[in-house]
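Peer 1: Sequence plus the predicted model coming up.
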Amino acid sequence: MSLWPERRSISSARILTGLAADYGITPEQCLRGTGISLAQLQDNSHEIDARQELRLVDNLLDACGGFRPGMGLEAGRRYHLTTYGIWGYALISSPTLRAAIQIGLRYLDLTFAFVRVRFEEAPDQARLVLDNSAIPAACRAFLLERDMACIVTMVEDLFGVRMPLQAAWFTAAAPRDISPFTRTFGVAPLFDQADNAVVFGRSFLDLPIPQAHTLTAGICETQCRELLERRKVRAGYSGRVREELLRQPRLMPNMETVAERLCMSSRTLRRHLDEEGVSFRQLVDEIRMALAEEMLGIPGMTMEEISARLGYSEVSNFLHAFKRCKGVTPSDFRKTL
């Protein structure tokens, strides 16, 4: 079983290649061996798996001559709540920081985190503790820094100002220069600690979030729950087919192409899918409709853009397919979100 959810948005890979560019590293260097193409990197609907992102991070660090303390902090400051799609909107519309933390941890698998996070509450302080022990050693320090800095960035996005931290703890030894850490967290970090954590005053937990909206929060949580279910990879041959289809939803391959990639004939693939009670057409429709629902929940995305990203040659084809599958038009579906 994978340590992390199989599917994640391409957005994180795009942020990391942007960071790499600041170090003079090309996207091609970052993507080498990941199975991610330059076209996919720019496709907002594309999803990758955790192993591909880990390989990208490994390539980035290799091209830089190894990890340098502070690099992960630079990355984490680029992950804003809007980067996370519906998960970010769920936090923004939560009533308080406590509620945002609760829903954020409940659906942490919709983020790009490689750490595992737990929330602890003491009489005078609250802590978000990050466990990075499962991350491969070559990427561990970078991804811990990134995910800790992400927390600071997200809280700033929630309130519009930096929340004063009481402490930032790291289990690692102190680097020669701690100034990047002090700038990021607003306090001098403590190293050689028992845990990695960001520590803040308990009173902040009940601080109202300016953009809180009860109805929106409920809708967003429902969408988070549904998206998490959709991202669960099917087992067996249907799972392998789904993975192939998700590689390029804009250029959805036919059954013969997928069968060839799986080193079998289309007849054999059809038999395996029949045994699992699903057809190739159903899998194609399932993926397109799941992605369509997600994109319809993104404010400002037009039907033309959604249609193009899903690989439909005409907008009308997308509209007819959606209504046939869901029983309502995309416009009417969007009104329920």
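Peer 2: Received, thanks. Numbers count the residues shown, from 1 in each chain.

Peer 1: contacts and neighbour counts: CA atoms only from here.
Peer 2: Fine.

Peer 1: Run through the residues that contact the closest residue to residue 166 other than its chain neighbours.
Peer 2: Of all residues not flanking residue 166 in the chain, residue 200 sits nearest, at 4.9 Å (C-alpha to C-alpha, 6 or more residues apart in numbering). Shown in contact with residue 200 (C-alpha atoms under 8 Å, 6 or more residues apart in numbering): 125-127, 164-167.

Peer 1: Tell me how many other residues crowd residue 95.
Peer 2: Look at residue 95: counted by other C-alpha atoms under 10 Å, it has 19 neighbours.

Peer 1: buried residues in the helix or strand bottoming out on mean pLDDT in the chain?
Peer 2: Sorting the helices and strands of the chain by mean pLDDT, DSSP states H and E puts helix 236-247 at the bottom, at a mean of 78. Neighbour-count burial for helix 236-247, with 16 or more other C-alpha atoms under 10 Å as criterion, is recorded at 237-238, 241-247.

Peer 1: again, but for stretch 218-225
Peer 2: For stretch 218-225, by 16+ other C-alpha under 10 Å, it's 219-221, 223-224.

Peer 1: and it, how far from the chain's centre?
Peer 2: 16 Å (C-alpha atoms, centre = their mean, to the nearest Å).

Peer 1: Next, the buried residues of stretch 35-44.
Peer 2: Neighbour-count burial for stretch 35-44 [16+ other C-alpha under 10 Å]: 36-37, 40-41, 43.

Peer 1: what does the average pLDDT come to for that stretch?
Peer 2: What stretch 35-44 shows for mean pLDDT is 88.

Peer 1: got a list of contacts for it?
Peer 2: Taking C-alpha under 8 Å, 6+ apart as the rule, stretch 35-44 contacts 9-11, 13-14, 27-28, 31, 46, 48, 52, 248, 309.

Peer 1: Only C-alpha atoms, please: export the lengthiest helix in the chain in PDB.
Peer 2: The helix that spans the most residues within the chain, counting by DSSP state H, is helix 137-159. Output in PDB follows, covering the C-alpha atoms of helix 137-159 (Å, rounded to 0.1, in the frame of the first residue of the first chain):
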ATOM      1  CA  ALA A 137      16.000  10.400   3.200                       C
ATOM      2  CA  ALA A 138      17.200  12.300   0.100                       C
ATOM      3  CA  CYS A 139      14.000  14.500   0.100                       C
ATOM      4  CA  ARG A 140      13.200  14.500   3.800                       C
ATOM      5  CA  ALA A 141      14.700  17.800   4.900                       C
ATOM      6  CA  PHE A 142      13.400  19.700   1.900                       C
ATOM      7  CA  LEU A 143       9.900  18.400   2.100                       C
ATOM      8  CA  LEU A 144       9.700  19.000   5.900                       C
ATOM      9  CA  GLU A 145      10.800  22.600   5.400                       C
ATOM     10  CA  ARG A 146       8.300  23.000   2.600                       C
ATOM     11  CA  ASP A 147       5.300  21.600   4.400                       C
ATOM     12  CA  MET A 148       6.100  23.600   7.600                       C
ATOM     13  CA  ALA A 149       6.400  26.800   5.600                       C
ATOM     14  CA  CYS A 150       3.100  25.900   3.800                       C
ATOM     15  CA  ILE A 151       1.300  26.100   7.200                       C
ATOM     16  CA  VAL A 152       2.600  29.600   7.800                       C
ATOM     17  CA  THR A 153       1.600  30.700   4.300                       C
ATOM     18  CA  MET A 154      -1.900  29.200   4.600                       C
ATOM     19  CA  VAL A 155      -2.600  30.900   7.900                       C
ATOM     20  CA  GLU A 156      -1.500  34.300   6.400                       C
ATOM     21  CA  ASP A 157      -3.900  33.600   3.500                       C
ATOM     22  CA  LEU A 158      -6.700  33.000   6.000                       C
ATOM     23  CA  PHE A 159      -6.300  36.100   8.100                       C
END
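
Peer 1: now residue 126, what's its secondary structure?
Peer 2: Classification of residue 126 using DSSP: H, G, I helix; E, B strand; the rest coil returns strand.

Peer 1: residues contacting it?
Peer 2: Taking C-alpha under 8 Å, 6+ apart, we find residue 126 in contact with 119-120, 199-202, 205.
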